[in-house]
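Peer 1: got a sequence here, can you build the structure:
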Amino acid sequence: KGEGHVEGEKVENPDTGLYYDEYLRQVIDVLETDKHFREKLQTADIEEIKSGKLSRELDLVSHHVRTRLDELKRQEVARLRMLIKAKMDAVQDTGIDHQALLKQFEHLNHQNPDTFEPKDLDMLIKAVSARCK
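Peer 2: Got it, this is the predicted structure:
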């Protein structure tokens with residue numbers, strides 16, 4: 001019995017295997033709530049997405065969407081800090097350079113931990129693209 005896809009129904013996507021998979025999914029879900037961005041995403045080709053052209057559209061999303069993206073980024077930064085602390089605790093080495101550790105997380109701009117900017121979207125897209133080659 002072929003039941004079709006119901007409009008508005010969430011489709012489960014397989015795990016990408018990325019350590020920031022949940023963050024990626026949440027960012028996409030929030031961006032798709034903005035009608036303008038969703039339309040741009042649907043009409044963009046893969047090169048526009050990879051080149052960062054789509055990231056510039058972030059400046060046009062609603063304030064509510066930007067606020068939610070800022071919140072997601074702060075949560076992701078907190079999660080990464082927790083991972084770093086756990087790694088430090090496991091090694092018991094107090095000479096660890098936190099900034100060097102943060103740089104290995106190429107999917108967000110760690111120098112701005114509070115707000116989600118076009119650079120963050122661009123970095124997230126490039127990180128996913130690099131992993132999926």
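Peer 1: what about the longest helix in this protein?
Peer 2: Using DSSP state H, we find that the single longest helix of the chain is helix 63-91.
Peer 1: what's that one packed up against?
Peer 2: helix 21-31, helix 98-103 (3 or more C-beta pairs under 8 Å, 6 or more residues apart in numbering; DSSP states H and E). C-betas here are computed from N, CA, C, even on glycine.
Peer 1: elements contacting the first one?
Peer 2: Using 3+ C-beta pairs under 8 Å, 6+ apart as the contact test, the elements touching helix 21-31 are helix 35-43, helix 63-91, helix 118-131.
Peer 1: low-confidence ranges, the protein, go.
Peer 2: Along the chain, the model assigns pLDDT under 70 to residues 1-16, 90-104, 132-133.
Peer 1: any idea which residue is closest to the centre of it?
Peer 2: For the chain, the residue nearest the mean C-alpha position is Leu24 (3.9 Å; C-alpha atoms, centre = their mean).
Peer 1: quick one, what contacts that residue?
Peer 2: Listed by C-beta atoms under 8 Å, 6 or more residues apart in numbering, the contact set of Leu24 reads 16, 18, 107, 124, 128.
Peer 1: any idea which of the residues you listed is closest to Thr67?
Peer 2: For those, the closest approach to Thr67 (C-beta to C-beta) belongs to Leu124, at 17.8 Å.
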